[in-house]
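sequence first, then the predicted structure:
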Amino acid sequence: MERIILHCDLNCFFASVELLRYPALRDVPVAVCGDPKSRHGVILAKNEPAKKLGVQTAETIWQAQQKAPGLVLLPPHHSLYREYSKKINAIYGQYTDLVEPFGIDESWLDITGSMHLFGGDGKTVADALRERIRAELGLTISVGVSFNKIFAKLGSDYKKPDATTVIAPDNWRDIVWPLPVGDLLFVGKAAQKILSQYGITTIGQLAACKVEMLETLMGKMGRQLHEYANGLDHAPVRPQHEQEMVKSVGNGTTFPQNLTRWSEIRGGLSLLCDSVASRLRRHGLYCGGVSVTIRDAQFKTVSRQKRLGGSTHLMRDILEAALELTAQVWKAPTPIRMLTVTALYITPEAESYEQLDLLSGNAPQRSEKQEKLEGAMDAIREKYGPGAISFGPGGKHHIGWED
């Protein structure tokens, strides 16, 4: 039986939620952004009038104001967005139990087994959802209807705002293949750059490529993208309680001032590694690798990663790897604007795959002392709050509360 998949995408979600409180601003350019006085001052979302003037998500406030001099700036309220996201997914859940959120403002719905209860075809259900969300919550969604998740996502992007697009087995080539290759899910800027060097600029051109060539250029991802372009996506819609295993745990920050000294960089990495390690322990996970991403003052970004000798959830081990990776690429005094540390190769239990010590023939033992130390820090944070205790710049713990 052919599947019927919906992809529902809330239009200008953050901005639309904010405008529920400011209906008079609905027809003027509005953007939700970080603090304009800080270096986090980037556009998080914009409404349709701002979008028509060229305002883009993730650009700086300064750039956006050049395009829209009268741009109204509103601060974000993330707890409010999460509340509305839950309400919307609850509505989706009344149509099918197969609802897979994709970020805070998008969800896939598999209505194959239930659409006969709501009109008998995907477009009818999509239009009913659009009407309900508009009437009950004052928000709009665009919906793609198709026979797989990838094409349903393309459908919701195809026409906005507040629209339904059907990409069916008998018309998908006419709709999908002329689209820019960058419209395909998981084709990012790096992949677009590689493909453009070989004259591949549309999804149809990607579909016509030889799989072997794409695998040579992009590894396993090349084969996967070729399947997507040819309508061969068979991935199931996974409800929230059946989400796939976590593949990475990371944390990154843009610093208020550029880091130019090694002591500053070490301090920044210590805080990030402590955060990553504590999250791993909280969820009972271990990592077998670490990656570090560095962005300099000119927004040039470099990433490095390495496999660890064994799996860990200790800040000390993650920091040691992060420092080693950073030292490989950072040249003093190049200013660092942003750092990100990510734990890779996640497993639910400790795994040891260290090489045997050539002299003793024994694998290195996990540090019980460090396990107890970081476990004790977790207990203190649980009781007194996350800021109660932290590692200092040198990786030593620091008590952060006052009597």
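Structure's in. What do you need?

quick one, strands of the stretch 301-403 of the chain?
Assignment of strands within the stretch 301-403 of the chain using DSSP state E, counting those that start in this stretch yields the ranges 301-312, 336-344, 389-391, 397-399.

and the angle from the longest helix along the chain to strand 336-344?
Longest helix of the chain, by residue count under DSSP state H: helix 262-282. Angle, helix 262-282 to strand 336-344, by axes from the mean of the first three to the mean of the last three Cα atoms, to 10 degrees: 30 degrees.

quick one: average pLDDT of helix 262-282?
For helix 262-282, the mean per-residue pLDDT is 91.

got the strands of the stretch 301-403 of the chain as a markdown table, with mean neighbour count and mean pLDDT columns?
In short, each C-beta sits where N, CA and C put it, glycine included. Listed next are these as a markdown table, based on neighbours: other Cβ atoms under 10 Å; pLDDT from 0 to 100:
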| stretch | mean neighbour count | mean pLDDT |
| --- | --- | --- |
| strand 301-312 | 16 | 89 |
| strand 336-344 | 22 | 94 |
| strand 389-391 | 19 | 57 |
| strand 397-399 | 12 | 38 |
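
dump those strands to TSV, plus distance to V55.
Shown next, in TSV, are the strands of the stretch 301-403 of the chain (distance: least, Cβ to Cβ, whole Å):
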stretch	distance to V55
strand 301-312	23
strand 336-344	23
strand 389-391	38
strand 397-399	42
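
closest one to R282 among those?
strand 336-344 (12.5 Å; Cβ to Cβ).

and the closest one, how far out from the chain's middle?
15 Å (Cα atoms, centre = their mean, to the nearest Å).

name the helices or strands packed onto it?
strand 249-259, helix 262-282, strand 287-296, helix 315-329 (3 or more Cβ pairs under 8 Å, 6 or more residues apart in numbering; DSSP states H and E).

domains for this protein, by residue range?
1-170, 177-229, 249-398 (automatic domain parsing).

return the most buried member of those.
domain 1-170 (a mean of 18; mean count of other Cβ atoms under 10 Å).

so for A68, which of the strands of the stretch 301-403 of the chain sits nearest?
strand 336-344 (25.6 Å).

quick one, that closest one and strand 249-259 angle?
160 degrees.

mean confidence score for stretch 218-238?
pLDDT averaged over stretch 218-238 gives 92.

please shift the residue numbers so they start at 76 in all later answers.
All right, first residue 76 from here; so that's stretch 293-313.

mind checking the end-to-end distance for that stretch?
27 Å (Cα to Cα, to the nearest Å).

for A133, see how far away R157 is.
Separation of R157 from A133 (Cβ to Cβ, to the nearest Å) stands at 20 Å.

quick check: phi and psi on the closest residue to T335 other than its chain neighbours?
Among residues not flanking T335 along the chain, P408 sits closest, at 4.5 Å (Cβ to Cβ, 6 or more residues apart in numbering). Backbone geometry at P408, expressed as degrees, to the nearest 10, gives phi -100, psi 40.

H301: what's it in contact with?
Neighbour list for H301: L281, A282, C284, V286, L289 [criterion: Cβ atoms under 8 Å, 6 or more residues apart in numbering].

just the residues you listed: which are in helices?
Counting by DSSP H, the contacts of H301 contribute L281, A282, V286, L289 to helices.

relative to R78, which of the strands of the stretch 376-478 of the chain is closest?
Closest approach to R78 among the strands of the stretch 376-478 of the chain is made by strand 411-419 (32.5 Å; Cβ to Cβ).
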